[in-house]
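Chemist: Sharing a model that was predicted from the sequence below.
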Amino acid sequence: MNADLTSRITVSPDICHGKPCIRGMRWPVEVIIDLLGSGMSIEEIIEDHPELEKEDIYASLQFAKLSLSGHPLIDLAS
């Protein structure tokens, strides 16, 4: 995963039950993927949720790709 994008995905047992989230916020990666899957564009997501940045969306996509690829993910909890 791109090092810049990697830093945007965080895991904490105290936030969203330990699900991978965007920058320590209560924005699980799965919600970002769901918004994209519903047909929203990156621009629409950011317009509706200005606390998010384009790189957050890209980081979510990269994380999902790596999760499905079978390649080991870095330990984001450390």
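Modeler: The structure has been received and is ready for your questions.
Chemist: Run a quick neighbour tally on Glu47.
Modeler: Per other C-beta atoms under 10 Å, the neighbour tally for Glu47 reads 11. All C-beta atoms are positioned from the backbone trio N, CA, C, and that covers glycine.
Chemist: swap in Gly37?
Modeler: 9.
Chemist: All the helices of the protein, in order from the start?
Modeler: Along the chain, the segments classed as helices by DSSP state H run 3-6, 29-37, 42-48, 54-69.
Chemist: Mean pLDDT for the ones you listed - can I get that in CSV?
Modeler: Converted to CSV, these look like this (pLDDT from 0 to 100):
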stretch, mean pLDDT
helix 3-6, 70
helix 29-37, 97
helix 42-48, 98
helix 54-69, 91
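Chemist: what's the closest of the ones you listed to Cys21?
Modeler: The minimum distance between Cys21 and these falls on helix 29-37, with 6.8 Å, by C-beta to C-beta.
Chemist: got a list of contacts for the closest one?
Modeler: Residues outside helix 29-37 that contact it (C-beta atoms under 8 Å, 6 or more residues apart in numbering): 9, 19-22, 42, 45, 52, 56-57, 59-61, 63-64.
Chemist: show me what contacts the residue lying farthest from the centre of the chain?
Modeler: Within the chain, the residue lying farthest from the chain centre (C-alpha atoms, centre = their mean) is Gly70, at 17.8 Å. Residues counted as contacts of Gly70 (C-beta under 8 Å, 6+ apart): none.
Chemist: pLDDT at Met1, what is it?
Modeler: We have a pLDDT of 49 for Met1.
Chemist: For burial, what's the neighbour tally of Leu61?
Modeler: Look at Leu61: counted by other C-beta under 10 Å, it has 16 neighbours.
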